[in-house]
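[1] dropping a prediction and its sequence here:
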Amino acid sequence: MHFDVVSLFPEMVSGAAGYGVTGKAIEKGLVGLSVWNPRDYAHDRHKTVDDRPYGGGPGMVMKYQPLLDAVNDAKRSQQPDGAKVVYLSPQGRLITQALLQDASTSPRLILIAGRYEGIDERFIEHACDDEWSLGDYVISGGELAALIVIDAISRLIPGVLGDEESAKQDSHADGLLDCPHYTRPERSELGNVPEVLLGGNHAAIRRWRMKQALGRTWVRRPDLLEKRELSAEQDALLKEFRNEVVK
């Protein structure tokens, strides 16, 4: 999969993407990354990429022409065709695991990292296929959002993680929060590892982990349970958890 990021701070994107899971994925050739600076496509000698908003108001607005030229160059630079252009905006669709899972099947994503008060609406209407948001808050630019999207999708690409099961067991992978995890030492002043995880009974471990995931979701994010239909086993495990909490 190839990611293109249109950003006024290309070093911020390429530098941070070189670490961790994303960096290893790029090294292996499983993920490609290109960053395009709209300033390189400005026509005046000052490389102007923003201007005052029509109608007045604070701040500046990014001009559509440098952004559009950068996107067009990004589209021409890689095969196959059909890249999806996404503007990272607080007005966009909330980014969820399901959205990222669907996006991971695309061969290319062009991510637009805005700055200032926003970008010219004509660019959004003409060039963007979708708008995505991290949540109901505002950050100074779309670079951090682009890096989050790249990291989250890269984890879903076969071969990127050392263990293919890791991504499947992450929080939100199946609509639930993750269960608790423990490692050595077995016993400590902070508490002991649950006995069920020490016995080697894989069926009991699977059942415990499912119950804990359901319970943790019920306690911390009950809204997630409202969006899914539980199996008979899951429903019974959640009832067990609730009864244990009440006691």
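    Looks like it came in fine. Numbering: from 1, shown residues only.

[2] and the most centrally placed residue in the chain, how far from residue 12?
    What sits nearest the mean C-alpha location of the chain, by Cα atoms, centre = their mean, is residue 149, with 3.4 Å. According to Cβ to Cβ, to the nearest Å, residue 149 and residue 12 sit 15 Å apart. All C-beta atoms are positioned from the backbone trio N, CA, C, and that covers glycine.

[3] next secondary structure after the worst-scoring helix or strand of the chain on mean pLDDT?
    Taking mean pLDDT, DSSP states H and E as the measure, the chain has helix 165-168 as its least confident helix or strand, at a mean of 58. Sequence-wise, the next helix or strand downstream of helix 165-168 (DSSP states H and E) is strand 187-188.

[4] for residue 147, see how far away the nearest residue to the residue nearest to the centre of the chain once chain neighbours are set aside is.
    Nearest residue to residue 149, sequence neighbours excluded (Cβ to Cβ, 6 or more residues apart in numbering): residue 111, at 6.2 Å. Computed as Cβ to Cβ, the residue 111 to residue 147 distance reads 9 Å.

[5] which one's more surrounded, the two?
    Neighbour count, other Cβ atoms under 10 Å: between residue 111 and residue 147, residue 111 has more, with 25 against 20.

[6] do I have it right that that one meets residue 4?
    Yes - under the criterion of Cβ atoms under 8 Å, residue 111 makes contact with residue 4 at 7.0 Å.

[7] restricting to C-alpha, output the longest helix along the chain in PDB.
    Secondary structure of the chain read by DSSP state H shows that its longest helix is helix 202-220. Extracted C-alpha coordinates of helix 202-220, given in PDB (Å, rounded to 0.1, in the frame of the first residue of the first chain):
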ATOM      1  CA  HIS A 202      -6.500 -22.600  26.200                       C
ATOM      2  CA  ALA A 203     -10.300 -23.000  26.200                       C
ATOM      3  CA  ALA A 204     -10.500 -21.500  29.700                       C
ATOM      4  CA  ILE A 205      -8.100 -18.700  28.700                       C
ATOM      5  CA  ARG A 206     -10.100 -17.800  25.600                       C
ATOM      6  CA  ARG A 207     -13.300 -17.700  27.700                       C
ATOM      7  CA  TRP A 208     -11.600 -15.500  30.400                       C
ATOM      8  CA  ARG A 209     -10.200 -13.100  27.800                       C
ATOM      9  CA  MET A 210     -13.600 -12.800  26.100                       C
ATOM     10  CA  LYS A 211     -15.400 -12.200  29.400                       C
ATOM     11  CA  GLN A 212     -12.800  -9.500  30.400                       C
ATOM     12  CA  ALA A 213     -13.100  -7.800  27.000                       C
ATOM     13  CA  LEU A 214     -16.900  -7.700  27.300                       C
ATOM     14  CA  GLY A 215     -16.800  -6.500  30.900                       C
ATOM     15  CA  ARG A 216     -14.200  -3.800  30.200                       C
ATOM     16  CA  THR A 217     -16.300  -2.600  27.300                       C
ATOM     17  CA  TRP A 218     -19.400  -2.600  29.400                       C
ATOM     18  CA  VAL A 219     -17.700  -0.500  32.100                       C
ATOM     19  CA  ARG A 220     -15.700   1.900  30.000                       C
END
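
[8] tell me where the protein has helices.
    Here the chain has its helices, by DSSP H, at 10-16, 20-28, 64-77, 97-103, 121-127, 143-154, 165-168, 202-220, 222-226, 232-246.

[9] could you tell me the least trusted of the ones you listed?
    When the helices of the chain are compared by mean pLDDT, helix 165-168 comes last with a mean of 58.

[10] the closest residue to residue 242 other than its chain neighbours - how many residues pack around it?
    Using Cβ to Cβ, 6+ apart and skipping residues adjacent in sequence, the residue nearest residue 242 is residue 218, 7.2 Å away. Counted with other Cβ under 10 Å, residues neighbouring residue 218 total 17.
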